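Here is my input, please return the structure:
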Amino acid sequence: MPVEVTQRTSRGFKDISMSFQENPLTNDLIPLKNENAIAQSIKNLILTSPGERFFNPNLGSGIFESLFDNIDFISATQLQASAENIINTYEPRVRLIEVKVDPRPDDNAFVMTVSYEIVGINAAAQSLSFPLTKIR
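Sure thing, here's the model as predicted:
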């Protein structure tokens, strides 16, 4: 008897906004849904340092520690590998397509672009881009 393979679909994803803005009518926190919730989750994973989360000390990418290295293609490759590892390990809702890290020595920063597909909902491939700068 052949085994049937079923495609899992989700009803959607929901999270609270990190801005903690309130709905003016209900005073509830404004939620993020689907693509926006996952984009926030990916960015939070990448920007979290190991040991920052009390009950999960291994969670984190260590990217901020790497920002004090030289801003060159070697450091960009290390940042790319760290981002790929953290996303593949802790974000099962996405299928990672690509992580690009562009060194910008004149700006003293890197620009990270993460491309991914969301698993379980019918949505186009997503792209999230943000700067990585030293904060000290």
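
Show me which parts of stretch 63-71 are buried, residue by residue.
Using 16 or more other C-beta atoms under 10 Å as the test for burial, stretch 63-71 gives 63, 64, 67, 71. Bear in mind the C-beta positions are built from the backbone N, C-alpha and C, glycine included.

Determine which two of those are furthest apart.
64 and 71 (14.0 Å; C-beta to C-beta).

remind me, longest helix of this protein?
Ordering each helix of the chain by length in residues (DSSP state H) puts helix 73-90 first.

for the chain, which spans come out with low pLDDT?
Scanning the chain with the threshold set as pLDDT under 70 gives 1-11, 14, 19, 135-136.

could you pull out the strands for it?
Applying DSSP state E to the chain gives strands spanning 14-16, 31-33, 94-104, 109-118, 126-133.

from these, which stretch is densest packed?
Most buried of those by mean neighbour count (mean count of other C-beta atoms under 10 Å) is strand 109-118; its value is a mean of 18.
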